[in-house]
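>>> here you go, sequence then predicted model.
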Amino acid sequence: MLRSAQPDDHAAIVALTDVAFEGSEEALRVVRELEPEISLVYEDGGAIVGHVMLTRMEMGDHRPFQLSPLSVAPSHQNRGIGSELTREALRLADEAGEPLVLVLGHPTYYPRFGFEPATALGLEAPRDFGAAWMAVKLAAYDPAVRGRVVFPPAFG
Ligand SMILES: CC(C)(COP(=O)(O)OP(=O)(O)OC[C@H]1O[C@@H](n2cnc3c(N)ncnc32)[C@H](O)[C@@H]1OP(=O)(O)O)[C@@H](O)C(=O)NCCC(=O)NCCS
């Protein structure tokens with residue numbers, strides 16, 4: 001079952017991120033330190049087995065959403081949970097009138113949700129992340145929304 005994350009879920013989300021990202025300090029800092037505007041969990045039998053969050057980045061006059069992290073427990077991967085969480089997060093961002101969502105992720109995973117190379121849209125990362133740096137245009141997309149994105153320090 002997919003639902004909005006609640007304050008009580010925080011410890012379980014950190015634990016899930018730890019196992020999904022195999023102890024990555026960066027992923028742990030992001031879930032611990034950033035205040036997401038959208039945070040969704042996937043629950044199975046009372047346990048949180050999936051999580052995704054959208055956080056605002058700085059980009060000149062704009063504050064675009066970035067999807068990070070997306071975690072699915074290894075025991076529950078390849079069952080469509082990551083896809084369901086991503087699609088719902090994008091739907092909520094779209095509903096909120098956001099022009100786009102950024103991601104720094106697997107270039108073979110995110111294109112299925114409409115993500116494309118972000119630099120081609122004039123969205124520059126703090127450094128060259130190659131094909132991992134992507135964005136998805138939403139209904140309110142405006143090509144004027146472009147610039148250099150500044151990551152919060154949690155991203156390292
Ligand atoms: C990546 C991740 C979120 C996918 O979640 P999931 O629920 O297993 O994914 P879904 O069931 O929705 O989709 C399965 C598809 O994802 C692909 N996939 C899974 N992990 C992948 C990876 N690391 N890179 C590229 N594709 C991946 C599978 O090959 C499968 O592809 P197919 O549909 O073409 O067969 C999950 O594997 C995970 O938490 N991984 C560890 C943390 C991580 O890397 N997060 C993403 C950071 S960008």
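Yep, it's here.

>>> residue 85 and residue 49 touch, don't they?
No: the pair residue 85 / residue 49 is not scored as a contact, 10.3 Å apart, by CB atoms under 8 Å. In this view, the C-beta of every residue, glycine as well, is placed from N, C-alpha and C.

>>> next, show the common contact partners of these two.
The contact sets of residue 85 and residue 49 overlap at 42, 72 (CB atoms under 8 Å, 6 or more residues apart in numbering).

>>> near the ligand, which residues of this structure? Just list them.
Neighbours of the ligand within the chain, by CB under 6 Å from any ligand atom: 20-21, 69-72, 77-83, 105-106, 108-109.

>>> whichever of the residues you listed end up buried, select them in ChimeraX.
To isolate the buried members of the residues of the chain next to the ligand in ChimeraX, using 16 or more other CB atoms under 10 Å:
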select :20,21,69,70,71,72,81,82,105
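
>>> longest strand in this structure, by residue count?
Longest strand in the chain, counting residues (DSSP state E): strand 47-56.

>>> pairing partners for that one, with directions?
Paired neighbours of strand 47-56 in the sheet (DSSP bridges): strand 38-44 (antiparallel), strand 65-72 (antiparallel).
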